[in-house]
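Visitor: What follows is a predicted protein model with its sequence.
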Amino acid sequence: MREKNCWVMLLFLLAGIVLGGFVGSLTEGVPFLSWLNFGDSFGLNTPFILDLGILVITFGLSIRITMAGLIGMALAVLISRWL
């Protein structure tokens, strides 16, 4: 049962991050809600390309943490605990 709760929590956290980022990007142009899009991104700015002749593999990862994403994560934790 505990293992199932971890997967549900992870699913809720991912949904909270995605929905929070979406809300943050929607409120970017609204003057009194623009603080929701405040944040920073980190990761690989340019992807790492591994060319093996017949196979080309591209590695890249960039994460953007915003205030809306953090709020979405907090709400996801509260909702998953409530359910």
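Guide: All right, it came through fine.

Visitor: Let me see the contact set for residue 39.
Guide: Residues touching residue 39, when contacts are defined by Cβ atoms under 8 Å, 6 or more residues apart in numbering, comprise 24, 64, 65, 66, 67, 69. Any C-beta I mention is one placed from the backbone N, CA and C, and that applies to glycine too.

Visitor: Which members of those residues occur in strands, if any?
Guide: Using DSSP state E, the members of those that fall in strands are 64, 65, 66.

Visitor: Give the rounded mean pLDDT of stretch 62-74.
Guide: Here stretch 62-74 scores 88 as its mean pLDDT.

Visitor: just how off-centre is that stretch within its chain?
Guide: For stretch 62-74, the separation from the chain centroid amounts to 6 Å (computed by Cα atoms, centre = their mean, to the nearest Å).

Visitor: before we move on, the earlier item: dump the contacts of residue 39 into TSV; add neighbour count and distance to residue 76 as well.
Guide: Written out in TSV, the entries for those read as follows (neighbours: other Cβ atoms under 10 Å; distance: Cβ to Cβ, whole Å):
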residue	neighbour count	distance to residue 76
24	24	15
64	15	17
65	16	14
66	23	15
67	16	15
69	23	10
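
Visitor: which one of those is nearest residue 50?
Guide: Nearest to residue 50, judged by Cβ to Cβ, of the contacts of residue 39 is residue 64 at 24.9 Å.
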